[in-house]
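Engineer: Sequence and predicted structure, then a few things I'm wondering about:
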Amino acid sequence: MPLPIDLPADLQSGDVMVRLRPATGSPYALAPLFDASGFQVGGVVVVPLDRSIDREVAETRKALSRAVLAVTLLAGLVALLIGGLLTWRIIRPIRQMTSSVERIGLGEYAARLESGRADEFGRLSDSINRMAAKVEESFNSLVATDRLRRDLVANIGHDLRTPLGGILGHIEEARRRLLSGDLDAGRASLDSAERQVGYVTRLVEDLFELSLLDSDVPPLRLEPVPMGEIVQQAADAQSSLFVRDRLHLELEIQPGMPVVRADGTRLLRLLQNLLDNARKHASQGGRVAMTACVRDGAVDVTVSDDGPGISSDAVHHLFDRYYRGKSARTRQGEGTGLGLAIGRAIALAHGGELSVESEVGSGTTFRFVLPIDPVSDA
């Protein structure tokens, strides 16, 4: 702002004065400055700001206020968007988890969560999926077991009803024949009834044996068992049946077979069941091979037949305790259909394993593997 040219002279007067600017008429004040000795060293001029400056300051304040407001609004909008995004990323997987768990609770055990995330939600989703898979597997197993149990009850009912009906018929026929004096026919009817009674007895014994082996602690009578002798006894017990059916039984026992601590009676039954099964599946006039040796620190016994073989679907169910598949054999046997289930239960009770390899058209091989010291003295 320009000042009057007489300003120095006014300051020299030594008085404080107020004057008007000639051009604008706006007032200004003058005051001299003195040092301690009273000598004037300068002066102070107080000039009011121009109105245009006031407007500029006011406009600057308004602009600053608007800028602050805009920044505040923008920051709030950004915070809202970020919050919404974070909420969506958190709430969405939680809702999915809740929905899937509810579906599983309602019986939809195949429900699964989306996986692939690398955060905590991803790990939690994977855990829930694993849990659902186990629940589904357990449920399917229970359903299958229940279905097989129902089939077993139906099969047992049929297996009991048929021979019991036959027994009654043979007894009635024997009574009639004997009363009429036909002793030979009467004895034949009684023999047939006796065979049917034997079948029912074996069926009941097999079911009882399965229930015992299915217990937490199978009742094994452990004793030293020479495996070579047990294999030979099993073959000798079945030899007459092979001769009757015109089948050839080949037996090969490795010399020096070990003595194991086991239940000899049940091991003998296992081996006889395998031979009996092979005899019923072998081709007419065919052969069955039985071998026993020591391999990889365990007793290894195999029974092979040259029959029609077993389909892959049936192989997976051969040892199911409640499964009774259709036999591929051409000659019907006298068994109860529970021999393989009992055999595997005996093998597992001794710490061993019973497995099968078969292919349609190429025969079947059962393998019994028993650790040489499978059961402790305790």
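Structural biologist: Everything's here; your move.
Engineer: those helices in the stretch 201-350 of the chain, which residues are they?
Structural biologist: For the stretch 201-350 of the chain, helices defined by DSSP state H, counting those that start in this stretch occupy the ranges 227-244, 264-281, 312-315, 339-349.
Engineer: In the shortest one, which residues are buried?
Structural biologist: Judged by neighbour count using 16 or more other Cβ atoms under 10 Å, the buried positions of helix 312-315 are Ala314, Val315. (Each C-beta comes from the backbone N, C-alpha and C, glycine too.)
Engineer: With stretch 80-99 instead?
Structural biologist: Along stretch 80-99, the positions that meet the burial threshold by neighbour count (16+ other Cβ under 10 Å) are Pro93.
Engineer: returning to that earlier point: between the helices of the stretch 201-350 of the chain, which gets nearest to Gly84?
Structural biologist: With respect to Gly84, and counting by Cβ to Cβ, the nearest of the helices of the stretch 201-350 of the chain is helix 312-315 at 54.5 Å.
Engineer: Just the mean pLDDT for that closest one, thanks.
Structural biologist: For helix 312-315, mean pLDDT is 82.
Engineer: Skipping its backbone neighbours, what lies nearest Asp206 in space?
Structural biologist: Leu338 (4.3 Å; Cβ to Cβ, 6 or more residues apart in numbering).
Engineer: Please give me every residue in contact with the one you found.
Structural biologist: Applying Cβ atoms under 8 Å, 6 or more residues apart in numbering to Leu338 gives the contacts Leu203, Asp206, Leu207, Leu210, Arg321.
Engineer: Next: Ala234.
Structural biologist: Contacts of Ala234 by Cβ under 8 Å, 6+ apart are Leu268, Leu271, Gln272, Leu275, Met290.
Engineer: Next: Asn140.
Structural biologist: Tyr109.
Engineer: could you give me the average pLDDT of the host helix or strand of it?
Structural biologist: For Asn140, the enclosing helix or strand under DSSP states H and E is helix 120-179. Mean pLDDT, helix 120-179: 76.
Engineer: just to revisit the earlier point, let's have the helices of the stretch 201-350 of the chain in JSON lines, adding distance to Val68.
Structural biologist: Below are the helices of the stretch 201-350 of the chain laid out as JSON lines (distance: least, Cβ to Cβ, whole Å):
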{"stretch": "helix 227-244", "distance to Val68": "95"}
{"stretch": "helix 264-281", "distance to Val68": "91"}
{"stretch": "helix 312-315", "distance to Val68": "78"}
{"stretch": "helix 339-349", "distance to Val68": "81"}
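Engineer: of all those, which lies closest to Ala298?
Structural biologist: Among those, the nearest to Ala298 by Cβ to Cβ is helix 227-244 (10.5 Å).
Engineer: Quick check: the spatially most central residue of the chain vs Asp313, distance?
Structural biologist: In the chain, the residue lying closest to the centroid (Cα atoms, centre = their mean) is Lys134, at 3.8 Å. Note on Lys134: its distance to Asp313, by Cβ to Cβ, to the nearest Å, is 25 Å.
Engineer: again with Thr302
Structural biologist: For Thr302, the distance to Asp313 - Cβ to Cβ - is 23 Å.
Engineer: closest to Ala29 out of the helices of the stretch 201-350 of the chain?
Structural biologist: Judging the helices of the stretch 201-350 of the chain by Cβ to Cβ, what sits closest to Ala29 is helix 312-315, at 114.1 Å.
Engineer: Run the chain-centre distance for the closest one.
Structural biologist: How far helix 312-315 lies from its chain's middle: 22 Å, per Cα atoms, centre = their mean, to the nearest Å.
Engineer: can you check stretch 269-280 too?
Structural biologist: The answer for stretch 269-280 is 34 Å, by Cα atoms, centre = their mean.
Engineer: And the average pLDDT for that stretch is what?
Structural biologist: For stretch 269-280, mean pLDDT is 91.
Engineer: Now tell me what touches it from outside.
Structural biologist: 230-231, 234-235, 237-238, 241-242, 245, 247, 249, 288, 290, 301, 303-305, 307, 327, 329, 331-333, 335, 339-340, 342-343, 346-347, 354, 364, 366, 368.
Engineer: if we go to 7 Å?
Structural biologist: Under the criterion Cβ atoms under 7 Å, 6 or more residues apart in numbering, residues 230-231, 234-235, 237-238, 241-242, 245, 247, 288, 290, 301, 303, 305, 329, 331, 333, 335, 339-340, 342-343, 346-347, 366, 368 lie in contact with stretch 269-280.
Engineer: Please identify the buried residues of it?
Structural biologist: Buried positions in stretch 269-280, judged by neighbour count with 16+ other Cβ under 10 Å: Arg269, Leu270, Leu271, Gln272, Asn273, Leu274, Leu275, Asp276, Asn277, Ala278, Arg279, Lys280.
Engineer: now, among the residues you listed, which is nearest to Ala31?
Structural biologist: Closest approach between the buried residues of stretch 269-280 and Ala31, by Cβ to Cβ: Leu270, at 126.3 Å.
Engineer: how near is the closest residue in space to Asp245 that isn't next to it in sequence to Ala193?
Structural biologist: Once flanking residues are discounted, Asp245 sits nearest to Arg279: 6.2 Å by Cβ to Cβ, 6+ apart. With the distance defined as Cβ to Cβ, Arg279 ends up 25 Å from Ala193.
Engineer: and what of Gly309?
Structural biologist: 37 Å.
Engineer: just Lys134 next, same as before
Structural biologist: 52 Å.
Engineer: Tell me what Leu354 is bridged to.
Structural biologist: Phe368 (DSSP bridges).
Engineer: what about it, how many neighbours?
Structural biologist: Neighbour count for Leu354, taken as other Cβ atoms under 10 Å: 22.
Engineer: Sounds good, over and out.
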